[in-house]
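> Build the 3D model from these lines:
(2 chains)
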There are 2 protein chains.
Amino acid sequence: MNTHKSGRHFLQIPGPSNVPDRILHAIAHPTIDHRGPQFQKISEEVLLGVRRIFKTSGPVLVFPTSGTGAWEAALMNSLNPGDKILMFETGHFATLWHNMAKKFGLKIDFVRTNWRHGVDPQVVAEKLSEDLEHRIKSVNVVHNETSTGVASRIAEIRKAIDQTGHPALFMVDTISSLGSMDYRHGEWKVDVTVGCSQKGLMLPPGLGFNAISEKAIEASKVNSFRRHFWDWNEMLKSNENYLYPSTPCTNLLFGLKEAIAMLEEEGLDNVFARHARFAEATRRAVRAWGLEILCEEPLEYSSVLTAVMMPEANGADSLRKVILESFNMSLGNGLGKVADQVFRIGHLGDMNDLTLIGTLAGVEMGLERGGVEHNKGGVAEAMDYLASS
Amino acid sequence: MNTHKSGRHFLQIPGPSNVPDRILHAIAHPTIDHRGPQFQKISEEVLLGVRRIFKTSGPVLVFPTSGTGAWEAALMNSLNPGDKILMFETGHFATLWHNMAKKFGLKIDFVRTNWRHGVDPQVVAEKLSEDLEHRIKSVNVVHNETSTGVASRIAEIRKAIDQTGHPALFMVDTISSLGSMDYRHGEWKVDVTVGCSQKGLMLPPGLGFNAISEKAIEASKVNSFRRHFWDWNEMLKSNENYLYPSTPCTNLLFGLKEAIAMLEEEGLDNVFARHARFAEATRRAVRAWGLEILCEEPLEYSSVLTAVMMPEANGADSLRKVILESFNMSLGNGLGKVADQVFRIGHLGDMNDLTLIGTLAGVEMGLERGGVEHNKGGVAEAMDYLASS
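Okay, here's the model as predicted:
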């Protein structure tokens, strides 16, 4: 948009992710009547299709908003002012969701971590077992912490909840995991799943999702939070005819139709395997550089991004600046309490082996140019792995 | 998107309006890092540029949302639960804004009209004069009622408020007028102006605006509505560095940059004159058909759309269906209490004389094909006017 830099920009932040041309073309289709039959047909296809991505047979509501808005919709519909909820400080985004809940007057038991681990299912079980009066109304977990590259084990947390027989709602933020890592709203009996458009769905920002269970819908009907824009019941009513209570993001929905088609053409399992392979190649490169991965638990490695710790504890932002200026690549910055201490390599969405190698080369050459102590050979390690796997 | 229909669809609802190719191409630009320097530069240009469109030197906040969301942001930031406000039932959208305010516990003096007139400045003066204790905290007016084609006279309402010396905030919905009809946030001392992307700004839906005054910002600081996503102060803080508190709609902001450039290349006064001319041509056509215009007050004619009454009181929806199927043109439907009784011709945004004549021809041939009693010659009247003006 400014001075031309030859070659395509490498957008390797952990979302917004690179938008494939096929989707860019779809969103550039002329806008149509959002209440006309042609749009209703597209909308039907999209609203039913997106259920397959969340792996649910129930409704997935699409709001014209960001992920933050989708968080707000989740809380405002299913909880009551003053309710007690259980949250986990697994990283910056979990903390932001917590801060929002606090603003709305929810009482939060906020379990701390060192940002290098996910939610411990055992702790969930303990907290719920102790709550004999069932005062905890929901358990809120971020599936993939975009700030740390740590993924919590949702299936195991579900089991932990079930073992206690506790009736709390289960809410999961799948903002940065959906469409990149296996996620099963239905099978894992999640009550509210929060998602957005600009990560694994490979779309620009602008759509926020709430996949909701029958139990969550029941809770929303007796909920006393005043709400209008976020109101599920208004949305559910309009969605019966594949319409929306306020003007939907027509053009992003054209894009979503295409995104669903692309994910299903590749096959969701193949999509997840591709992401897992990119993540493994990236970790091998990081280890070859002699740098440390923020995530300490191999079972919790993220397929979406890898957060890498700086050897001297800080300097990540100046490294990112060198890489942006020298190699036209954007990496994710450290957020909150790891600001400047880590950089994040996004390896999600519309990527292949060669774009991953380009990405890792940008990091390796950036470490060199930025004077960060490291060993060479990360790219070579990644290539060996990709060539043989 | 389905079976091909040759020639471009005529999207003549009163918004979303036709998006020019130049903007469609801009939004199809690859997504970039929403926290990187390139986006900050675009964002600076956009956030300062959009002030010129609202005609204000103060902040214009851009939310990733619809117009409904922007309404909610306006109310949640500047009022307190239980506040008394003055609203006017000028049509369907004024009613929806009223319904929202009611849900949030505001006490509304809702002044009725027959949907064929705008807000009477005299009534505003009377209501405020009677309110000796200054219990009315805001006067909320829809500038251009998209459901009726009636435009309230904002400058005169401002004068009426000033005459009384009443300190109420002045909030105006300019959702369907901005960029099509003259609007002056600063000069008219509006405290909160609500706008969105998909009308005169010629963008797809997905951006909601709040242009705000110092007085409104002061009110927001002592306001007790719990809010997070809509919070102005969070947005103002981030906007200082041309950033956003949650992920912005990057690609629509690329489009907004282009839209501002296009409006300024044409010149805002020329844009307004072009719209006024289309509206006059349309009214001449309607009168030639022997049909009635919903708006009864010539001083309140909308430049954005013309709502036309059916001769037999109803049948508007079947007429619209005939027109869509026969001529690939979408017209606006009657909403709320004029459902099926009127159809609405949108003549806003990216239009010229020939697309307007095409539009009117679609209506005239549709009236014929749909068996609606009328006189021919509307298109001829409009052509005479356009050719000579």
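> Please count neighbours and contacts with C-alpha atoms only from this point.
Fine.
> Write out the residues of the stretch 151-300 of chain A neighbouring chain B.
Counting by C-alpha under 8 Å from any C-alpha of the partner chain, the stretch 151-300 of chain A comes close to chain B at A:204-206, A:226-229, A:246-251.
> could I have the strand or helix carrying A:Val50 exported to CSV, CA atoms only?
Using DSSP states H and E, A:Val50 falls within helix A:37-54. What follows is helix A:37-54, C-alpha atoms only, in CSV (Å, rounded to 0.1, in the frame of the first residue of the first chain):
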residue,chain,number,x,y,z
PRO,A,37,-33.3,-15.1,-1.6
GLN,A,38,-29.8,-15.4,-3.1
PHE,A,39,-28.2,-14.3,0.2
GLN,A,40,-30.6,-16.5,2.2
LYS,A,41,-29.4,-19.5,0.2
ILE,A,42,-25.7,-18.6,0.8
SER,A,43,-26.5,-18.0,4.4
GLU,A,44,-28.2,-21.4,4.8
GLU,A,45,-25.1,-23.1,3.3
VAL,A,46,-22.8,-21.1,5.5
LEU,A,47,-24.8,-21.6,8.8
LEU,A,48,-25.1,-25.3,8.2
GLY,A,49,-21.5,-25.7,6.9
VAL,A,50,-19.9,-24.0,9.8
ARG,A,51,-21.5,-26.5,12.2
ARG,A,52,-19.3,-29.2,10.5
ILE,A,53,-16.2,-27.1,11.3
PHE,A,54,-17.2,-26.8,14.9
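> Does the very next helix or strand once past that helix reach chain B?
Note on helix A:37-54: by DSSP H and E, the next helix or strand toward the C-terminus is strand A:60-64. Yes. Using C-alpha under 8 Å from any C-alpha, strand A:60-64 reaches chain B at A:Pro64.
> what's the helix or strand just after strand A:60-64 in contact with?
Per DSSP H and E, the first helix or strand lying C-terminal to strand A:60-64 is helix A:67-78. With contact meaning C-alpha atoms under 8 Å, 6 or more residues apart in numbering or on different chains, helix A:67-78 is reached by A:63, A:97, A:100-101, A:173, A:175, A:192-196, A:207-210, A:216-217, A:219-220, A:223, A:225-227, A:230-232, B:228-229, B:246-247.
> Could you do stretch A:170-183 as well?
Residues outside stretch A:170-183 that contact it (C-alpha under 8 Å, 6+ apart) are A:14-15, A:53-55, A:67, A:71, A:138-146, A:158, A:189-196, A:199-201, A:263, A:268-269, A:271-272, A:275-276, A:303-304, A:348-349.
> any idea which helix or strand carries the residue nearest the centre of chain A?
Nearest to the geometric centre of chain A sits A:Ser176, at 1.3 Å (C-alpha atoms, centre = their mean). Counting by DSSP H and E, no helix or strand carries A:Ser176.
> For it, give me phi and psi.
phi -100, psi 0 (degrees, to the nearest 10).
> and if you look at A:Phe110?
Residue torsions, per degrees, to the nearest 10, at A:Phe110 are phi -100, psi 100.
> what's the closest non-adjacent residue to it?
Closest residue to A:Phe110 apart from its sequence neighbours, by C-alpha to C-alpha, 6 or more residues apart in numbering or on different chains: A:Met87 at 4.9 Å.
> cool, and A:Leu252?
Once flanking residues are discounted, A:Leu252 sits nearest to A:Ile27: 5.7 Å by C-alpha to C-alpha, 6+ apart.
> domain parsing for chain A?
A:10-17+A:267-388, A:21-264 (automatic domain parsing).
> Centre of the chain to the longest one, how far?
Between the mean C-alpha point of domain A:21-264 and the mean C-alpha point of its chain there is a distance of 10 Å (C-alpha atoms, centre = their mean, to the nearest Å).
> Pull up the distance across it, start to finish.
The first and last residues of domain A:21-264 sit 17 Å apart, counting by C-alpha to C-alpha, to the nearest Å.
> One more: the first one?
Using C-alpha to C-alpha, the end-to-end distance of domain A:10-17+A:267-388 comes to 25 Å.
> chain center to it: distance?
Distance, centroid of domain A:10-17+A:267-388 to centroid of chain: 17 Å (C-alpha atoms, centre = their mean).
> helices or strands up against the helix or strand encompassing A:Gln163?
Per DSSP H and E: A:Gln163 is located in helix A:154-164. Where contact means 3 or more C-alpha pairs under 8 Å, 6 or more residues apart in numbering or on different chains; DSSP states H and E, helix A:154-164 is packed against helix A:121-130.
> which element follows the helix it packs on toward the C-terminus?
Sequence order places strand A:136-142 as the next helix or strand after helix A:121-130, per DSSP H and E.
> In the top helix by length along chain A, which of the residues would be classed as buried?
Using DSSP state H, we find that the single longest helix of chain A is helix A:268-289. Under the neighbour-count criterion of 16 or more other C-alpha atoms under 10 Å in any protein chain shown, helix A:268-289 has A:268, A:271-272, A:274-289 buried.
> any idea where the strands of the stretch 201-350 of chain A begin and end?
All strands of the stretch 201-350 of chain A, identified by DSSP state E, counting those that start in this stretch, fall at A:207-212, A:292-293, A:305-309, A:329-333, A:342-346.
> Save these as JSON lines, and put in mean neighbour count and distance to A:Asn114 too.
Converted to JSON lines, the strands of the stretch 201-350 of chain A look like this (neighbours: other C-alpha atoms under 10 Å in any protein chain shown; distance: least, C-alpha to C-alpha, whole Å):
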{"stretch": "strand A:207-212", "mean neighbour count": "27", "distance to A:Asn114": "29"}
{"stretch": "strand A:292-293", "mean neighbour count": "19", "distance to A:Asn114": "14"}
{"stretch": "strand A:305-309", "mean neighbour count": "27", "distance to A:Asn114": "14"}
{"stretch": "strand A:329-333", "mean neighbour count": "25", "distance to A:Asn114": "18"}
{"stretch": "strand A:342-346", "mean neighbour count": "28", "distance to A:Asn114": "14"}
